[in-house]
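S.K.: Need the 3D shape of this:
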Amino acid sequence: MRIYGPNQTNGTGAASAPRRAAQSGSFTLESSTGTAKPQTAAAASGVGGLDSLLALQAVEDAGERRKRFARRGKSALDLLDELKAELLAADLRRETLNRLQGTLAELTEKSGTPGLDVVLGEIELRVAVELAKRTPKAA
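M.R.: This next block holds a predicted model:
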């Protein structure tokens, strides 16, 4: 079909009778006796909301969670080593104590793995003790 202008089209010709397949077992489309009426498209259904998509995206498997908590523990141990080095050099910086305080807040969350929680609890206790020793007491 060719369009010549805004309201002019080239006709497609007369409708021909449906063809029958000569071979048995071949596919043919049966046409109805009348012309089919146009149907409106159904509205697309929503996925279920943005909250459900974000919740699905935030699902974390046990392996990733364990690795994340192990990294937190290693980070806390590295900070304790840094504190030890500063104490031996008699150069204790307030920044190190602030970072230890932030690490202590992260270590209070439980990982869900019993053995890892025990180790992280011991690291948390060591960090809390070192902070208590180094933090000035309020009178």
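
S.K.: Which secondary structure elements does the helix ranked longest in the chain sit against?
M.R.: Using DSSP state H, we find that the single longest helix of the chain is helix 62-88. Under the contact criterion of 3 or more Cβ pairs under 8 Å, 6 or more residues apart in numbering; DSSP states H and E, helix 62-88 touches helix 94-107, helix 114-134. To be clear about C-beta, it is placed using only N, CA and C from the backbone, and glycine gets the same treatment.

S.K.: With distance to Leu83, mean pLDDT and mean neighbour count as extra columns, can I get those helices in CSV?
M.R.: Compiled in CSV, the helices and strands packed on helix 62-88 are given as follows (distance: least, Cβ to Cβ, whole Å; pLDDT from 0 to 100; neighbours: other Cβ atoms under 10 Å):
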stretch, distance to Leu83, mean pLDDT, mean neighbour count
helix 94-107, 6, 90, 15
helix 114-134, 6, 91, 14
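
S.K.: can you list contacts of stretch 88-99?
M.R.: 79, 82-83, 86, 131, 134-135 (Cβ atoms under 8 Å, 6 or more residues apart in numbering).

S.K.: Using PDB, write down the CA coordinates of that stretch.
M.R.: C-alpha atoms of stretch 88-99 as PDB (Å, rounded to 0.1, in the frame of the first residue of the first chain):
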ATOM      1  CA  LEU A  88      54.400   2.300  70.600                       C
ATOM      2  CA  ALA A  89      55.500   5.400  68.700                       C
ATOM      3  CA  ALA A  90      53.900   7.600  71.400                       C
ATOM      4  CA  ASP A  91      51.900   9.300  68.600                       C
ATOM      5  CA  LEU A  92      48.200   8.500  69.400                       C
ATOM      6  CA  ARG A  93      45.900  10.400  67.000                       C
ATOM      7  CA  ARG A  94      42.300  11.300  67.800                       C
ATOM      8  CA  GLU A  95      41.400  10.200  64.300                       C
ATOM      9  CA  THR A  96      42.200   6.600  65.000                       C
ATOM     10  CA  LEU A  97      40.000   6.700  68.100                       C
ATOM     11  CA  ASN A  98      37.200   8.100  66.100                       C
ATOM     12  CA  ARG A  99      37.500   5.400  63.500                       C
END
